[in-house]
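Trainee: Structure, please.
(2 chains)
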Amino acid sequence: MTVTIASLPPQIQQRYNAKLLSTPEHNLIHQLFATPVELPDNNGFIDRQSRYDRLDLFEVPLDDAQNNPPPQQLNRVDVDCRVRVYATYIVLTRQVTITNEDPVLNSAAARLGQSLRETQDALQRDNLESSASIINCVGGTNGDIPTEMTLTDVDDVFTVLQNNSAEYITNIVEADLKFGTSPIGDAYGCMLTTRMIPVLYNMTGFVKKFQYPNISQTLSTEIGGANNIRFFASEQGSVSPNASMLGNDIANCFVAAKESYKVVWQAGGKARFIYLPPGYNNDPCMLRHTAGCSFYQGQCITNDLWIQNLRSTGI
Amino acid sequence: MALPYSFIGKWNYTNPATPVAVNIPMTDKPDWVIVKNLSDWGDTTAVTSIESEWFSGMAQGSFISMDQTVTTNALTSNVGTSAGFTFIDQTNPPTYTRVAITAINGTTFVVSTATTTGINVGDIVRLINVAGALELSGILFQVTAVSAGVSITLGYAATAATAKGSGYGNGTTGFYQKVYPGFMYPALREVLFISQATQAKVYFARQNDFTVGEFVDFQIPTPFGMTQLSNLAGNATNGVTGNKAGPARVLQVINSATESSITLDYDTTGFTAFTYPSSATFQAGASPAVCFPAGSGVVPSGASATVVGSATIPQSPPGTNLQDAFDNRAQYVMNLGTSVVGAASANMVVMAFKADFNNAITNA
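Mentor: Just a heads-up that it's a prediction; the model follows:
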């Protein structure tokens, strides 16, 4: 037989490159500003935290008779958060693991880990989407309600948070003698979808991350800042389809202050990887591996004044 | 190769005189669902879809079924592509196409439309770009009646209009779109009306999931009037009415067939009246008025679905409300459409099974 390129057997034409290609992984942003809380084991499944409400000011002086003033009532608000269990797994036959050159179980572990972290992030996103107070962007010109986000909308939500005595997430990024840079004020954190990037980049007054005077204290998920809000983007950021006045998609941009929401993990139920070799799970002939992961998590808003859903179209 | 099917569960329901679609919540994704009519099986009644089935891999809304015939005393096979089984993962719900409307009455909330396919009582719809009533656009409403091919009625909004004493805008053209709302609990609600009363009453456009004793807060933008009710959690005592510090406590929750409301331990008599912006005002730029969860509280004395509780006296011993904890209430749901839900007044049983595949890996 004449040997040509076309007649070479497949095994000769091809080699298996053991260096795996990257799997797309979403940015995890929705737990960035959450207060982490650990629920001890054997203490139920609902974590309760309490806050005492403000008291009135007392600006009227006592008179000369020195009578006691009327007392004030101390009020308390409890915030409850239920922890739920989440789990998933995959099944691999022994035939797969002993015939593949690629270490399939290693990849299974990596993908399970990614799925777990992205699930944790999405749960927090869904919690914020359901419960956070709403402010529509109205400063734009696209004729929809909400409009596309503008600097006036950023300043509006900043004002609301300031009026509500919310504390900043990050400190000022000071100006420096570097061309093309601009300072960023003390800031709240905004979590939004990557579909908002064109809106942000078109916003007058938006400072891209590479225009910060100092990027030593930034995250890879950070896009930039505007006045007193810094923006963090994720592919799995919150979007409400067709929800605007004109039926366009709405980006839910969660602007958070310190201690505005939390994530609760059960002490004995933190993220874990579970591998069971062949022979478990009604597998008398030892034909199947299973690889699974599980975690216990609850999430809730701890102060409704300190987190706002700034809704924008234009995405 | 698949391992044997495992049993997910069994559910029973009885159809009303005019059967409507039924949602069956499930703890797992089914691969095989069977619906059987227990009332008519084996008798001499001609019944459509006396048994219906769905397998994974079948299209959404499709079904196979058996009809019972009288004259031949036999079962005949049937198949359909709509109004059958629709599986819904609430964390990743389907997106429905928007449907044109021709008019909306801002008092009765009868929405005229030639297309009501797939819409059932209890469904949630969003109104979009309603000419003349843009202030209603974007809000989620619950359907309380369907007149096939003629109209749908948004009865919760109509009740709010009655309480308000005047209608909202009358709309002409626009769209409605069926949606599945979020699954996290408790969730905010758009506010349609708030009364000026010593115990203020708040009306919503769809059923609410607030609970008695829970604390709630508000964001009431300027065009809606009653801005004093905004951001209560930051307040000390309100000087106008002597309301207590912090957010408002829920004394009563109503989720009837046509009313969704909560009554608050909060005096709004001195507040600006709640108004609803006109279509033009909303279009010029406004945020919705919303009510959202703010915390858990003790259950007030005498509180129930029908009796408004005491504004100041808690239950004795204190009733701690654990039902209002923030929670994930997502479920898998199998929607049984009108082609498979069964005959009028029939007792029905649903069984669901799951196949545990040894999935190996794709492309391995």
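Trainee: Every contact and neighbour count from this point should use C-alpha atoms.
Mentor: Noted.
Trainee: Around chain A, which positions in the stretch 151-300 of chain B sit nearby?
Mentor: Proximity of the stretch 151-300 of chain B to chain A, by CA under 8 Å from any CA of the partner chain, involves residues B:182-188, B:215, B:217-219, B:231, B:233-237, B:244-246, B:283, B:285-288, B:290-297.
Trainee: show me what contacts residue 128?
Mentor: Picking chain A for this. By CA atoms under 8 Å, 6 or more residues apart in numbering or on different chains, residue A:128 lies in contact with A:254, A:300-301, A:309.
Trainee: wrong one, I was asking about chain B
Mentor: Contact partners of residue B:128, counting by CA under 8 Å, 6+ apart, are A:243-247, B:134, B:136-138, B:174-177.
Trainee: quick one: strands adjacent to the longest strand that chain A contains?
Mentor: Of all the segments assigned as strand in chain A under DSSP state E, the longest by residue count is strand A:288-301. Note on strand A:288-301: by DSSP bridges, its sheet partners are strand A:84-93 (antiparallel), strand A:261-266 (antiparallel), strand A:272-276 (antiparallel).
Trainee: now the longest one, how far from the chain's geometric center?
Mentor: Between the centre of strand A:84-93 and the centre of its chain there are 23 Å (CA atoms, centre = their mean, to the nearest Å).
Trainee: Tell me how many other residues crowd residue A:171.
Mentor: Neighbour count of residue A:171, defined by other CA atoms under 10 Å in any protein chain shown: 12.
Trainee: re earlier: in terms of distance to residue B:20, which of the contacts of residue B:128 ranks first?
Mentor: Ranking the contacts of residue B:128 by separation from residue B:20, with CA to CA as the measure, puts residue B:177 on top at 19.2 Å.
Trainee: got the contact list for that closest one?
Mentor: Residue B:177 makes contact with B:96-99, B:125-128 under the criterion CA under 8 Å, 6+ apart.
Trainee: same thing but at 10 Å, please
Mentor: Applying CA atoms under 10 Å, 6 or more residues apart in numbering or on different chains, one finds that residue B:177 lies in contact with A:242-243, A:247, B:95-100, B:119, B:124-128, B:138, B:140.
Trainee: got it, and residue B:166?
Mentor: So, once contact is read as CA under 10 Å, 6+ apart, residue B:166 ends up touching B:106-107, B:160, B:275.
Trainee: mind redoing it with 6 Å?
Mentor: Residues counted as contacts of residue B:166 (CA atoms under 6 Å, 6 or more residues apart in numbering or on different chains): none.
Trainee: Regarding residue A:95, what is its secondary structure?
Mentor: Here residue A:95 is recorded as helix under DSSP: H, G, I helix; E, B strand; the rest coil.
Trainee: Could you check how far it is from chain B?
Mentor: Between residue A:95 and chain B the computed distance is 9 Å (CA to the nearest CA, to the nearest Å).
Trainee: Please apply the same query to residue A:276.
Mentor: When distance is defined by CA to the nearest CA, residue A:276 is 14 Å away from chain B.
Trainee: just checking, that residue touches residue A:290?
Mentor: Yes - in terms of CA atoms under 6 Å, residue A:276 counts as a neighbour of residue A:290; the distance is 5.2 Å.
Trainee: Mind checking which of the two has more residues around it?
Mentor: Neighbours per residue (other CA under 10 Å) separate residue A:276 from residue A:290, with residue A:290 holding more: 20 against 13.
Trainee: The more buried one - nearest residue in space that isn't next to it in sequence?
Mentor: Nearest-residue entry for residue A:290: residue A:91, 4.6 Å, with adjacent residues in sequence omitted and distances by CA to CA, 6 or more residues apart in numbering or on different chains.
Trainee: count of neighbours near the one you found?
Mentor: The tally of other residues near residue A:91 (other CA under 10 Å) stands at 18.
Trainee: Got the confidence number for it?
Mentor: As summarised for this prediction, residue A:91 has a pLDDT of 86.
Trainee: ok so residue A:12 is a strand residue?
Mentor: No - Residue A:12 sits outside any strand when classified using three-state DSSP, being helix.
Trainee: Measure how buried it is and give me the count.
Mentor: A total of 9 residues lie near residue A:12 under the criterion other CA under 10 Å.
Trainee: ok, now residue B:187?
Mentor: Residue B:187 is flanked by 23 other residues according to other CA under 10 Å.
Trainee: That one: what secondary structure?
Mentor: Reducing the assignment to helix, strand or coil with three-state DSSP, the entry for residue B:187 is coil.
Trainee: How about the residues of chain A by chain B?
Mentor: For chain A, the residues in contact with chain B (CA under 6 Å from any CA of the partner chain) are A:53-56, A:77-82, A:91-93, A:127, A:130-131, A:135-136, A:138, A:243-247, A:300, A:304.
Trainee: helix or strand right after the longest strand of chain A?
Mentor: The C-terminal neighbour of strand A:288-301 among helices and strands, as given by DSSP states H and E, is strand A:307-312.
Trainee: Please name the residues that touch the nearest residue to residue A:303 once chain neighbours are set aside.
Mentor: What sits nearest to residue A:303 in space, not counting adjacent residues and going by CA to CA, 6+ apart, is residue A:260, at 5.0 Å. Residues near residue A:260 by CA under 6 Å, 6+ apart: A:302-303, A:306-307.
Trainee: Let me know how buried residue B:85 is, in neighbour terms.
Mentor: Residue B:85 is surrounded by 30 other residues when neighbours are defined as other CA under 10 Å.
Trainee: thinking residue A:206 is in contact with residue A:226, fair?
Mentor: Yes - counting by CA under 6 Å, residue A:226 is a contact partner of residue A:206 at 4.7 Å.
Trainee: nearest residue to residue B:56 other than its sequence neighbours?
Mentor: Per CA to CA, 6+ apart, closest to residue B:56 is residue B:31, 4.6 Å.
Trainee: got the contact list for the one you found?
Mentor: For residue B:31, the contact set (CA under 6 Å, 6+ apart) comprises B:55-56, B:353-354.
Trainee: let's see 7 Å
Mentor: Residues in contact with residue B:31 (CA atoms under 7 Å, 6 or more residues apart in numbering or on different chains) are B:55-56, B:353-355.
Trainee: Thought residue A:294 was touching residue A:272, still the case?
Mentor: Yes - applying CA atoms under 7 Å, one finds residue A:272 in contact with residue A:294, separated by 5.7 Å.
Trainee: neighbour-wise, which of these two wins?
Mentor: When residue A:272 and residue A:294 are compared for neighbours, residue A:294 comes out ahead with 19 against 15, by other CA under 10 Å.
Trainee: Skip the chain neighbours and tell me the closest residue to that one.
Mentor: Counting by CA to CA, 6+ apart, residue A:87 is the residue found nearest to residue A:294 once chain neighbours are left out, at 4.1 Å.
Trainee: Please tell me how far the residue lying closest to residue A:169 once chain neighbours are set aside sits from residue A:16.
Mentor: Ranked by CA to CA, 6+ apart and with sequence neighbours excluded, the top spatial neighbour of residue A:169 is residue A:188, at 5.1 Å. With the distance defined as CA to CA, to the nearest Å, residue A:188 ends up 49 Å from residue A:16.
Trainee: What of residue A:142?
Mentor: Noted for residue A:142: a distance of 52 Å to residue A:16, by CA to CA.
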